[in-house]
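Peer 1: Sharing a sequence plus its predicted fold:
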Amino acid sequence: MMMKLPSVGSSLSLVFTLISAFVSGFGKRLPILSFDEGYSQLFGDDNLVLHRDGKAVHLSLNERTGSGFVSQDLYLHGYFSASIKLPADYTAGVVVAFYMSNGDIFEKNHDEIDFEFLGNIRGKDWRIQTNVYGNGSTSVGREERHNLWFDPADDFHQYSILWTDSQIIFYIDNIPIREFKRTASMGGDFPFKPMSLYTTIWDGSDWATNGGKYRVNYKYAPYVAEFSDLILHGCAVDPIELLSKRCVTTYQSLELSGTISPSQRSKMDSFRRKHMTYSYCYDQTRYKVPPMECVINPKEAERLKKFDPVTFGRGRRHHGKRHHPSRASKPEADTI
């Protein structure tokens, strides 16, 4: 009896199904660490409080200080995730950050991969900003900003960063929202040095809400951000030599988990159509010529022009304000 072989199409479909299943379950299969197993307090004294036997962390911001924590290890690539619940009510000027950086080691040529949550006045939604710096490339801010399809202050949602040698993917609740691929034209501007994971809450009054128009109002303090389901899965490196030779299996799993299935890509495209409000690739105020890694999508460009005709190529800016890409002076947040 002759066995019927599957068609090429069905075989590819099976492969994509298997990859999709692997990726969607990737974070769920990784160990969740307690605070003491993977992290150390960065600043904030008693504004950092542990709950659930160290499996949950509350960071608060008050008039005295913000707070934060940092991974005990440096990582060269990995999957980093946390379930986060943001402060509610009036949060203008408040910034909650979940990010990777090596600025404490490489002061003049640091790398960075950011999730930043930007607070707002009462009745307006939190916004989310992602950013990538490589090799001190802060003169080229690679920001994107998005609205969310839920209220991040109502409940916990999972935010994840996948960083491999070839790409960076930002996820919300296992849905990819941004894919940043390494290209030859970027040179060293793609993050390539070991980084620590940081989590902070701080006062960003000077820039975070409508370019600093709305500031933190400490009448509503303390602002408390809650974190749980903390995952650090990557290649830990020696802090002195900045090298590790035991990462082959980790690299392989990360590269496989970074394969975006057709279903995931459809969800990502839908998210970007509905919720993206800013992308540096289309910012004609900052860049007369888009940075070389940018792939211009005409439909995306047209939609952003309608959203913000000044920044994206139509109309005049009446107030003379410009974006200033650096950690010290962030680009203006969206007009609320």
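Peer 2: Looks like it arrived, so ask away.

Peer 1: dump the residue contacts of residue 59.
Peer 2: 44, 47-48, 66-69, 96, 199-201, 224-225, 227 (Cβ atoms under 8 Å, 6 or more residues apart in numbering). C-beta: built from backbone N, CA, C; applies to glycine.

Peer 1: closest to residue 281 among these?
Peer 2: residue 96 (25.2 Å; Cβ to Cβ).

Peer 1: The closest one - that's part of a helix, no?
Peer 2: No: applying DSSP: H, G, I helix; E, B strand; the rest coil, one finds residue 96 to be strand, outside a helix.

Peer 1: Spit out the contact partners of it.
Peer 2: 59, 84, 86, 87, 116, 117, 119, 200, 201, 225.

Peer 1: Pick out the residue nearest the middle of this protein.
Peer 2: residue 115 (2.8 Å; Cα atoms, centre = their mean).

Peer 1: Helix, strand, or coil at that residue?
Peer 2: Residue 115 ends up strand, using three-state DSSP.

Peer 1: So it sits against residue 99, correct?
Peer 2: Yes: counting by Cβ atoms under 8 Å, residue 115 touches residue 99, with 6.1 Å between them.

Peer 1: ok now stretch 176-194, how far from the chain's centre?
Peer 2: Averaging C-alpha positions (Cα atoms, centre = their mean, to the nearest Å) puts stretch 176-194 13 Å from its chain's average.

Peer 1: Could I get the buried residue list for it?
Peer 2: 176, 177, 178, 179, 180, 182, 186, 189, 190, 191, 193, 194 (16 or more other Cβ atoms under 10 Å).

Peer 1: burial count for the nearest residue to the last one once chain neighbours are set aside?
Peer 2: When you say that, I think you mean residue 194. Using Cβ to Cβ, 6 or more residues apart in numbering and skipping the chain neighbours, the partner closest in space to residue 194 is residue 74 (4.1 Å). By other Cβ atoms under 10 Å, the residues close to residue 74 number 21.

Peer 1: what sits against residue 74?
Peer 2: Contacts of residue 74 (Cβ under 8 Å, 6+ apart): 102, 194, 195, 196, 236, 237, 239, 242.

Peer 1: Could you rerun that using 10 Å?
Peer 2: Neighbouring residues of residue 74 by Cβ atoms under 10 Å, 6 or more residues apart in numbering: 100, 102, 105, 193-197, 234-239, 242, 244.

Peer 1: go on, residue 238?
Peer 2: 73, 74, 194, 244, 245.

Peer 1: For residue 105, see how far away it is.
Peer 2: 12 Å (Cβ to Cβ, to the nearest Å).

Peer 1: same check, this time on residue 51
Peer 2: Distance, residue 51 to residue 105, by Cβ to Cβ: 31 Å.

Peer 1: More neighbours: which of the two?
Peer 2: The neighbour count for residue 51 versus residue 105, taken as other Cβ under 10 Å, is higher for residue 105 (16 against 13).

Peer 1: show me where the stretch 1-150 of the chain has strands.
Peer 2: 39-43, 48-51, 56-61, 67-71, 74-85, 94-101, 112-118, 127-133, 144-146 (DSSP state E, counting those that start in this stretch).

Peer 1: swap in the stretch 201-336 of the chain?
Peer 2: 223-237, 276-279.

Peer 1: And the ones you listed: which comes nearest residue 79?
Peer 2: Comparison of these against residue 79 by Cβ to Cβ identifies strand 223-237 as nearest, at 4.5 Å.

Peer 1: Note down every partner strand of that closest one and its orientation.
Peer 2: Sheet pairing for strand 223-237, assigned by DSSP bridges, gives strand 56-61 (antiparallel), strand 74-85 (antiparallel).

Peer 1: Could you tell me the angle between the shortest one and strand 39-43?
Peer 2: When axes from the mean of the first three to the mean of the last three Cα atoms, to 10 degrees is applied, the directions of strand 56-61 and strand 39-43 differ by 10 degrees.

Peer 1: Quick one: mean pLDDT over strand 56-61.
Peer 2: The average pLDDT for strand 56-61 rounds to 98.

Peer 1: now that strand, how far from the chain's geometric center?
Peer 2: 19 Å.

Peer 1: Can you list the buried residues in that strand?
Peer 2: 56, 57, 58, 59, 60, 61.

Peer 1: need the residues you listed in a markdown table with distance to residue 136, can you?
Peer 2: Putting those into a markdown table (distance: Cβ to Cβ, whole Å) gives the following:
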| residue | distance to residue 136 |
| --- | --- |
| 56 | 35 |
| 57 | 30 |
| 58 | 33 |
| 59 | 28 |
| 60 | 32 |
| 61 | 28 |
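
Peer 1: with these in mind, which one is nearest to residue 36?
Peer 2: Of those, the one sitting nearest to residue 36 (Cβ to Cβ) turns out to be residue 57, at 10.8 Å.

Peer 1: Relative to residue 282, how far out is the closest one?
Peer 2: For residue 57 relative to residue 282 (Cβ to Cβ), the value is 37 Å.
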